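**Student:** please work out how this folds:
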Amino acid sequence: MKNHPVIGIRPIVDSRRLGIRDSLEGKVAEMAEKAKKLIEENVFYADGTPARVIIFSEGSIAGGEEAARCQAEFAANGVTATLSVTPSWCYPLETIDIDPMTTKAIWGFNGTERPGAVYLAAAMSAHNQMKLPCFSIYGQDVQDMEDDSIPEDVQRKILLFAKAALAVGQLKNKSYLNIGSVSMGIMGSFMDPSFYIHYLGMRPEWVDMTEVLRRMDQGIYDKEEFDRALDWVHKNCPEGMDPNPESRAHTAEQKASEWEFVVKMTLIIRDLMTGNPKLAAIGFKEESLGRNALFAGFQGQRMWTDYKPNADFTEAILNSTFDWRGKKQPTVFATENDNLNGLSMMLGNLLTGRASGFSDIRCYWSPDAVRRVTGWQPEGDAAGGFIHLINSGSTCLDASGKSTDSQGNPVMKPWWEMTDADINACLQATDWCPAELCQFRGGGFSSHFKTDARMPLTMVRVNLVAGVGPSIQIAEGYSITLPEDVHKKLDERTDPTWPTTWFVPNLTGEGAFKDVYSVMADWGANHGAFIYGHVGAELITLASMLRIHVSMHNVDTSEIFRPHVWSSFGTAELESADLAACQYYGSLY
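**Tutor:** Residues are numbered from 1 along each chain as shown. Here you go, the predicted structure:
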């Protein structure tokens, strides 16, 4: 089911006629059209569709009567965020968006002919006093009234607002599907329904893991697609090294059966999440509906993996931007049902359209420890040490770094930009190692690759903290490559059959980012997600809309864009002000 929230643009003008309002109608209409075009060309839903933007159909708003008609029109058209635009003074309280359920911003034109800045300030005052947070957009440089361009700093803020606001809208009224329950006592696996309902507007759903087995046993899956998928796996997913001694290793026949099992499991879990009309055609109408899940997670360990093949293949393929059908939207799926890390991945996917990685924050390698173990003195990006990101095969294959842009640079692309060459390169960089049977007694296969590129990445994690509430940690940095012999020595100390990413955060010299060790020491959980690109500013804007405190980040202060009222909670200590504002305003729903 599509979930396409709409951005509504509200042109606002001075109500006085006698040459004032009439002279402004053309200017405010041009501002609205330019903003609409900017958003539509640069912002996309997670399914790749360009953002839908509408402008109040009756023209401009100059008072409460027109504002009310605009609100009714937008409510009927699925508008979840509004951008008001104006070049002039208007009556603030009469013209602002007072719908408590929309995310709001106002762009006030910086010109001298008419005081758009005066309206913007007065409107922000009204929003703040009425407990209606709003983003203030105002260009740094004065423009002439006849200048219809949108300055770069204004463009940046409009796009930050639009991307984050549509992410908020795409979360609403969708579900997180828990397949199983809590994995090995991991707190991120304990789903808090209140958090999902009140902060995200999402429904929690649960399905026992035995439902996967029931559908296998009773043939409740698309058998034709299963045949196609299994054939694709045989051609594109070569087996890697078997870490098990010959006395314990599974036979070729057992492994062949496990491949069939994990491919069926992939189809079934996708159907559980999003439904499949083909199931209705074979007599399973209830099953065909799915669970309206935007993202999901699988408990796995240990009740499942002591008994049946692990879900590493399922997790990796669902999270990737391709499968046997070619390029496709990533289906965000969390290892060990760590829903908070799944949410971290989902936020990245909504903002970028790219696949997100899932990893253990396994360990910090100091320069001294690297030199002791390998004899190599870390240099360059690695000079201050690095963090080992690794997990049992669930990370998207895009993280191999084998997709390339038009200049040949390694990237992780929005899924709709993936080419056959990109897909083949990611597949060729990956093999699938049989599960280490002490950990995964039921067998299965883990993806095995290394992130073989220096790429900009943003680590992110959502945490729930008693006394604080939900919080987000953000660390922008880079994946790095190590000399092959160094990589091998370090990788083999953990599990050489899993995918590895070596990560170095950007350091500020202060707080949690004074050095690489501090980033590792201050991370809030055993798992973290990573997203291609430096998207910390986008995540900070999105977090403020969701009223989720950002407790740790290395984004430059000049890049931070939050509702105007946040400055009323303090301007010197921005993290403290953010916490105070989030706690005061509370959950969004």
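**Student:** please read off the pLDDT at residue 361 from the model.
**Tutor:** Looking at residue 361, its pLDDT reads 96.
**Student:** for residue 73, that is, sorry about that
**Tutor:** For residue 73, the model assigns a pLDDT of 98.
**Student:** may I ask you to confirm that it is in contact with residue 57?
**Tutor:** Yes - between residue 73 and residue 57 there is a contact under C-beta atoms under 8 Å: 6.3 Å. C-beta: built from backbone N, CA, C; applies to glycine.
**Student:** okay, those two: which has more neighbours?
**Tutor:** residue 73 (15 against 9; other C-beta atoms under 10 Å).
**Student:** name the next helix or strand following the helix or strand harbouring that one along the chain.
**Tutor:** Using DSSP states H and E, residue 73 falls within helix 64-76. Using DSSP H and E, the helix or strand that follows helix 64-76 in sequence is strand 79-86.
**Student:** what lines up beside that next one in the sheet?
**Tutor:** Note on strand 79-86: by DSSP bridges, its sheet partners are strand 6-11 (parallel), strand 103-108 (parallel).
**Student:** average pLDDT for the lengthiest strand in the chain?
**Tutor:** In the chain, taking DSSP state E as the definition, the longest strand is strand 469-480. If you average the pLDDT over strand 469-480, you get 98.
**Student:** which other helices and strands does it contact?
**Tutor:** Counting contacts by 3 or more C-beta pairs under 8 Å, 6 or more residues apart in numbering; DSSP states H and E, strand 469-480 packs against strand 456-465, strand 500-505, helix 536-546, strand 549-552.
**Student:** and residue 230, which of these is closest to it?
**Tutor:** Comparison of the helices and strands packed on strand 469-480 against residue 230 by C-beta to C-beta identifies strand 500-505 as nearest, at 27.8 Å.
**Student:** quick check: next helix or strand after that closest one?
**Tutor:** Following strand 500-505 in sequence order, the next helix or strand is helix 516-522 (DSSP H and E).
**Student:** chain center to that following helix, what's the gap?
**Tutor:** 23 Å (C-alpha atoms, centre = their mean, to the nearest Å).
**Student:** then the following helix or strand past that helix to CSV, C-alphas only?
**Tutor:** Under the assignment DSSP H and E, the closest C-terminal helix or strand after helix 516-522 is strand 527-532. Extracted C-alpha coordinates of strand 527-532, given in CSV (Å, rounded to 0.1, in the frame of the first residue of the first chain):
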residue,chain,number,x,y,z
HIS,A,527,24.0,-2.3,17.4
GLY,A,528,24.1,0.6,15.1
ALA,A,529,22.9,1.5,11.6
PHE,A,530,24.9,3.2,8.9
ILE,A,531,23.7,5.3,6.0
TYR,A,532,25.5,6.4,2.9
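**Student:** tell me the angle of strand 527-532 relative to strand 500-505?
**Tutor:** Here the directions of strand 527-532 and strand 500-505 differ by 80 degrees (axes from the mean of the first three to the mean of the last three C-alpha atoms, to 10 degrees).
**Student:** partner strands of strand 527-532 and their direction?
**Tutor:** strand 356-365 (antiparallel), strand 456-465 (antiparallel).
**Student:** possible to save those strands as a markdown table with mean neighbour count and distance to residue 525?
**Tutor:** Output for the strands paired with strand 527-532, formatted as a markdown table (neighbours: other C-beta atoms under 10 Å; distance: least, C-beta to C-beta, whole Å):
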| stretch | mean neighbour count | distance to residue 525 |
| --- | --- | --- |
| strand 356-365 | 23 | 8 |
| strand 456-465 | 22 | 6 |
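**Student:** and the longest strand of the chain with strand 527-532, angle?
**Tutor:** Using the same axes, to 10 degrees: strand 469-480 against strand 527-532 is 60 degrees.
**Student:** neighbouring strands - and their directions - for strand 469-480?
**Tutor:** Applying DSSP bridges, one finds strand 469-480 paired with strand 456-465 (antiparallel), strand 500-505 (antiparallel), strand 549-552 (parallel).
**Student:** does residue 144 touch residue 109 like I think?
**Tutor:** No - with contacts counted by C-beta under 8 Å, residue 144 stays clear of residue 109, the gap being 10.4 Å.
**Student:** which of those two has more neighbours?
**Tutor:** Legend: neighbour count by other C-beta under 10 Å for residue 144 and residue 109, higher for residue 109 (27 against 9).
**Student:** neighbours of residue 4, how many?
**Tutor:** By the criterion of other C-beta under 10 Å, residue 4 has 15 neighbours.
**Student:** that one and residue 53, how far apart?
**Tutor:** 11 Å (C-beta to C-beta, to the nearest Å).
**Student:** show me what the helix or strand residue 272 falls within is packed up against.
**Tutor:** According to DSSP H and E, residue 272 maps onto helix 252-274. Here helix 252-274 touches strand 175-179, helix 210-217, helix 223-236, strand 293-298, helix 312-319, strand 445-448, going by 3+ C-beta pairs under 8 Å, 6+ apart.
**Student:** so which of those comes closest to residue 379?
**Tutor:** Nearest of the helices and strands packed on helix 252-274 (C-beta to C-beta): strand 445-448, 26.9 Å.
**Student:** on that earlier part again, which one, of the helices and strands packed on strand 469-480, ends up nearest to residue 447?
**Tutor:** Of the helices and strands packed on strand 469-480, nearest to residue 447 by C-beta to C-beta is strand 500-505, at 10.9 Å.
**Student:** please export the C-alpha coordinates of that closest one as PDB.
**Tutor:** C-alpha atoms of strand 500-505 as PDB (Å, rounded to 0.1, in the frame of the first residue of the first chain):
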ATOM      1  CA  THR A 500      33.000  -6.100   7.700                       C
ATOM      2  CA  THR A 501      33.100  -2.300   7.500                       C
ATOM      3  CA  TRP A 502      36.000  -0.300   9.000                       C
ATOM      4  CA  PHE A 503      34.600   3.100  10.200                       C
ATOM      5  CA  VAL A 504      36.300   6.300  11.300                       C
ATOM      6  CA  PRO A 505      34.100   9.100  12.600                       C
END
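**Student:** sweet, I'm off.
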